[in-house]
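In: sequence plus the predicted model coming up.
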Amino acid sequence: MTSIEGNLVASDKVKLFTRSWKPAGPTLATVTFIHGLGEHSGRYEHVFSKFAENGIAVNAYDQRGFGKSSGPRAYSPSLDQTMKDVAMVAASANPNLPHFIMGHSFGGCLALHYTLKKSERDPTGCIITSPLIKPAFKVSDAKYLVGSFISKFWSTLTVDNGLNPTHISRDEAAVALYKEDPLNTAKVSVGLGKWMIPKAEQLLNLAPTYTLPLLLIHGADDMITSAKASQSFFDRCQSQDKTLKLWENMYHEVLNEKDKDQVIQMIIDWIKPRLQAPQSQAIPTGQDQSIPQPVIAPSIPVEEPPVHVEPSRQEDQQKPVEEPPKPHEEPHKALEEPPKPVDEPPKHAEEPPKPVEEPPKQVDEPPKPVEEPPKPVDEPPKPVEEAPKPIEEAPKQVDEPPKTVEEPPKPVEESAKPVEEAPKPIEEAPKQVDEPPKPVEEAPKIEENKPNEESKPKNKKKGKKKGKRN
């Protein structure tokens, strides 16, 4: 059968020429195909006609700048723009059917990059023939550097791509057709060449992240792209379902070799076991894949499940409804037990209130300073250093109240509070040094602790006076 031609408009307004092959019978799967450098999708008519005969629909396109697509010849600005083109063509595949990405040579490089990127709907698998991962020949460093430099101000300039047409196939008839095809080109733009080789070689580093089912075919005698590089990518990729075929006595275009029919059949045989959709979802002959007719088939089982699901849910719900009372009764017990620990903490809460009842008298309005005293408590040690003498003489009083030492909670709490309040006069003391009468008037609150301290120094004075009398 012949292909159906069409056009798509890319995001940057470049027109992409498309070809599609649709099965005469039910459609079981779809394939998006990407051709190689310097060629076009029309060269694979003999391949995808057989795909269609086996129920596999194919959507292909001419890359921008190649074949019948528009844009500067043999030019693509970046890998990102090229990935957008691939995504646009792939979006035309029926979402209800298994979908495979297939690429050859430079198109194989693009297919691998596309399937490496995670999307909402990953393809079912990837089919690659003779991918460009590394060239099989040495690319001149000088030529590459000159091209990269020129691409900065003239990226669409085309130069010879360096490919020898006789290396594409052992079949001389296929080589002759390649040379005579006016849609083929032996040129490549310096802008495309600048990113094509680096992005191809990058695949070896990305291989460990590759997980999709993969069929990789390469001609063992390929002189354009490296078969060893394909072997390396295959060995490094983490796909659980992967197949590598290095075909002996074949050059670069395995789909245009003398034994091409064997290669085509191998691909078809690899696709069929990986079809996840049942044949009942197949698309009838000649109908557009966008028509929602394939959804009619699954609608039959969709109506049945509710009938069987509802009774099963009711039975499941009735059983657990009888048993839940027990778990509900137990949590009530758990709620009845915790009150005991709740009753105990109040006892601890009852003790602190006692010291709290006394300070209100001294601090009528400043509840806030009661909460913020810790800061002044840290600073008072300085004034304590200045009063070591009364502290040395106070031991006599410390010896008498051992009882208070045995019961530190109350006296410590009571004395601590005046100490907490004392910092205020201490802070104001520097100003009061010149006018001492004021602190004497404000000190009556601390009369309980100071009388003993002041009494002793008075006795000392009396002692001195008695000595004079003697």
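Out: That came through fine.
In: for the rest of this, base every contact and every neighbour count on C-alpha atoms.
Out: Will do.
In: what's the pLDDT at Thr185?
Out: As predicted, Thr185 sits at a pLDDT of 96.
In: now Pro366
Out: Here, the pLDDT recorded for Pro366 equals 42.
In: then Arg121?
Out: Arg121 carries a pLDDT value of 78.
In: burial of it, as a residue count?
Out: Per other Cα atoms under 10 Å, the neighbour tally for Arg121 reads 8.
In: same question, Lys13
Out: 10.
In: now it, what's its secondary structure?
Out: Of the three states, Lys13 takes coil under DSSP: H, G, I helix; E, B strand; the rest coil.
In: please tell me how far it sits from Ser70.
Out: 9 Å (Cα to Cα, to the nearest Å).
In: and Gly193, what element?
Out: Following DSSP states H and E, one finds Gly193 within helix 190-201.
In: any idea what the residue nearest to Met250 when sequence neighbours are not counted is bridged to?
Out: Spatial nearest neighbour of Met250, excluding adjacent residues (Cα to Cα, 6 or more residues apart in numbering): Gly219 at 4.7 Å. As for beta bridges, Gly219 partners with Trp247 under DSSP bridges.
In: list the contacts for Gly219?
Out: Neighbouring residues of Gly219 by Cα atoms under 8 Å, 6 or more residues apart in numbering: Ser130, Ala227, Leu246, Trp247, Glu248, Asn249, Met250, Tyr251, His252, Glu253, Val254.
In: low-scoring stretches of the stretch 1-150 of the chain, by residue?
Out: 1-2, 120 (pLDDT under 70).
In: go with 90
Out: Where the stretch 1-150 of the chain drops to pLDDT under 90, the residues are 1-3, 117-122, 137-148.
In: got a winner among the contacts of Gly219 for most neighbours?
Out: When neighbours are counted by other Cα under 10 Å, Ser130 leads the contacts of Gly219 with 31 neighbours.
In: OK, contacts around that one?
Out: Contacts of Ser130 (Cα under 8 Å, 6+ apart): 104-105, 108, 216-219, 222, 225-227, 230, 252-254.
In: the residues you listed in strands, which ones?
Out: Using DSSP state E, the members of those that fall in strands are His104, Leu216, Ile217, His218, Gly219.
In: turn these into a markdown table, columns for distance to His113.
Out: Formatted as a markdown table, the ones in strands among the contacts of Ser130 follow (distance: Cα to Cα, whole Å):
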| residue | distance to His113 |
| --- | --- |
| His104 | 13 |
| Leu216 | 14 |
| Ile217 | 17 |
| His218 | 18 |
| Gly219 | 21 |
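In: sorry, back to before: and the helix holding Gly193, what does it pack against?
Out: Helix 190-201 sits against helix 79-90, helix 141-150, with contacts defined as 3 or more Cα pairs under 8 Å, 6 or more residues apart in numbering; DSSP states H and E.
In: mind putting those in CSV, distance to Asp261 and mean neighbour count included?
Out: Listed next are those as CSV, based on distance: least, Cα to Cα, whole Å; neighbours: other Cα atoms under 10 Å:
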stretch, distance to Asp261, mean neighbour count
helix 79-90, 26, 17
helix 141-150, 38, 14
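In: related to what we said a few turns ago, among the contacts of Gly219, which two are most distant?
Out: Greatest spatial distance in these: Ser130 and Asn249, 13.7 Å, computed using Cα to Cα.
In: assign Leu244 to helix, strand or coil.
Out: What three-state DSSP gives for Leu244 is strand.
In: list the contacts of the closest residue to it other than its chain neighbours.
Out: Leaving aside its sequence neighbours, Leu244 sits nearest to Leu216 (Cα to Cα, 6+ apart; 4.8 Å). Contact analysis of Leu216 by Cα under 8 Å, 6+ apart lists Ile127, Ile128, Thr129, Ser130, Ser230, Phe234, Lys242, Thr243, Leu244, Lys245.
In: in TSV, list the contacts of Gly219 along with distance to His35.
Out: As requested, the contacts of Gly219 are exported to TSV (distance: Cα to Cα, whole Å):
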residue	distance to His35
Ser130	11
Ala227	18
Leu246	20
Trp247	20
Glu248	22
Asn249	22
Met250	19
Tyr251	17
His252	13
Glu253	11
Val254	13
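In: just those residues: which are in helices?
Out: Using DSSP state H, the subset of those located in helices is Ala227.
In: roughly how far apart are Glu45 and Leu214?
Out: When distances are taken as Cα to Cα, Glu45 and Leu214 turn out to be 23 Å apart.
In: those two: who's more crowded?
Out: The neighbour comparison of Glu45 against Leu214 (other Cα under 10 Å) goes to Leu214, with 24 against 15.
In: state the number of residues packed around the residue nearest to the more buried one when sequence neighbours are not counted.
Out: Take Leu214 and drop its neighbours on the chain: the residue closest to it by Cα to Cα, 6+ apart is Lys242, 4.6 Å away. Neighbourhood size, Lys242 [other Cα under 10 Å]: 17.
In: looking at it, Lys242 is touching Ile217, isn't it?
Out: No. Using Cα atoms under 8 Å, Lys242 is not in contact with Ile217, being 11.0 Å away.
In: now do the helix or strand encompassing Met102 against helix 79-90, angle only.
Out: In this structure, Met102 sits in strand 99-104 according to DSSP H and E. Angle of strand 99-104 versus helix 79-90, following axes from the mean of the first three to the mean of the last three Cα atoms, to 10 degrees, is 130 degrees.
In: sorry, back to before: list the contacts of the next helix or strand after the helix holding Gly193.
Out: Using DSSP H and E, the helix or strand that follows helix 190-201 towards the C-terminus is helix 203-206. Defining contact as Cα under 8 Å, 6+ apart, one finds that helix 203-206 is touched by Cys109, Leu112, His113, Ile133, Ala229, Ser232, Phe233, Arg236.
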